[in-house]
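A.B. asks: Just to be clear, the model below is a prediction. Sequence and coordinates:
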Amino acid sequence: MNATTTQFGQLPALQLRAPDGAEATITLYGAHLVSWKPVPTTGGPAQERLFLSSLSALDGQKAIRGGVPVIFPQFAERGNGMRHGFARVATWRVVDQGEADGAAFAVLALNQADLPQQVAAAWPYAFELQLRVTVRAAELDMLLAVRNTGTQAFRFAAALHTYHLVDDVDAVRIDGVQSETLALTDKLDQVFERIPGPITFDSGADKVMLEQTGFTDAVVWNPGAADAAALSDMDDEEYRRFVCIEPALLGPQPLEPGGTWRGTYRAVVQAG
Ligand SMILES: O=P(O)(O)OC[C@H]1O[C@@H](O)[C@H](O)[C@@H](O)[C@@H]1O
């Protein structure tokens, strides 16, 4: 069986397992990838690559702190709507799951009819989101599609807000977002526009190649000690254990009736 229904905290979830042992867990709340365990190319057991806060809500009352939140239709506070949008706090539907080419995959969908009435009223457009998550060996693939199913054009922003798990954020080095290697010294919250090619994320222990299409930008975020202490859903020292490198389309991107936008994201753990 390559996709089974499970429970993550109090949330219904899907567990993917590829024939080679790569695994992922996705909650229906937010279509949120909360665990990704690729199989190291050097052999050995599948290992967790995503940070999840020990204080994260897992009851559907608040966005999950960690994993890969889906950000749509607004990024952070760049708009009048919900901070980082409603997709991460809405309950998605599973529309497909299975195995293809040795990989396990699942497709989740969300449209305006799935939203609570107040949320739909605040963003009154007809849309369909689909998120496809695929795991195999050392590789994660995500495809986010946004379709305008209505008669009115709308503008949106989108991101896959990946919390990469690390041993110590001080050891992190990121290449490909700017001309020099980026290291994190304290709090960092920076937008890098028009990413030209793949990003190499050195976790301090190994390297991960990150590729994105459609998502034109990348956001790198770590709250540092002071901001982490102010977050109620993160333990004070946990900021050391992750860096967010987020493929993003900050736009906002216009989408005409009948139009579809697609963003792809691939993370591949490199051989050590
Ligand atoms: O606390 P939230 O809503 O999950 O946001 C976390 C962070 O997400 C990042 O993407 C933003 O750039 C930061 O400004 C923000 O603080």
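C.D. replies: Okay, I see it.

A.B. asks: Report the outermost residue of the protein with respect to its centre.
C.D. replies: Most distant from the centre of the chain: T151, at 29.0 Å, with distances by Cα atoms, centre = their mean.

A.B. asks: For that one, list the residues it contacts.
C.D. replies: T151 is in contact with 126, 257, counting by Cβ atoms under 8 Å, 6 or more residues apart in numbering. Quick note: C-beta positions are derived from backbone N, CA and C, even for glycine.

A.B. asks: is it fair to say it lies in a strand?
C.D. replies: No. Counting by DSSP: H, G, I helix; E, B strand; the rest coil, T151 is not part of a strand but coil.

A.B. asks: For it, give its distance to the ligand.
C.D. replies: 32 Å (Cβ to the nearest ligand atom, to the nearest Å).

A.B. asks: For that residue, give me the pLDDT.
C.D. replies: Note for T151: predicted pLDDT of 98.

A.B. asks: For V243, see how far away it is.
C.D. replies: For T151, the distance to V243 equals 42 Å [Cβ to Cβ, to the nearest Å].

A.B. asks: hey, C-alpha coordinates of stretch 7-22 in PDB?
C.D. replies: Extracted C-alpha coordinates of stretch 7-22, given in PDB (Å, rounded to 0.1, in the frame of the first residue of the first chain):
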ATOM      1  CA  GLN A   7      -3.900  10.500  12.200                       C
ATOM      2  CA  PHE A   8      -1.300  13.200  12.900                       C
ATOM      3  CA  GLY A   9      -2.000  14.800  16.300                       C
ATOM      4  CA  GLN A  10      -5.800  15.200  16.100                       C
ATOM      5  CA  LEU A  11      -5.700  15.700  12.300                       C
ATOM      6  CA  PRO A  12      -6.700  13.200   9.600                       C
ATOM      7  CA  ALA A  13      -3.600  12.600   7.400                       C
ATOM      8  CA  LEU A  14      -2.200  10.600   4.500                       C
ATOM      9  CA  GLN A  15       0.900   8.500   4.900                       C
ATOM     10  CA  LEU A  16       2.800   8.000   1.600                       C
ATOM     11  CA  ARG A  17       5.400   5.200   1.300                       C
ATOM     12  CA  ALA A  18       7.300   4.600  -1.900                       C
ATOM     13  CA  PRO A  19       8.500   1.100  -2.800                       C
ATOM     14  CA  ASP A  20      12.100   2.200  -2.000                       C
ATOM     15  CA  GLY A  21      11.200   3.300   1.500                       C
ATOM     16  CA  ALA A  22      10.800   7.100   1.100                       C
END
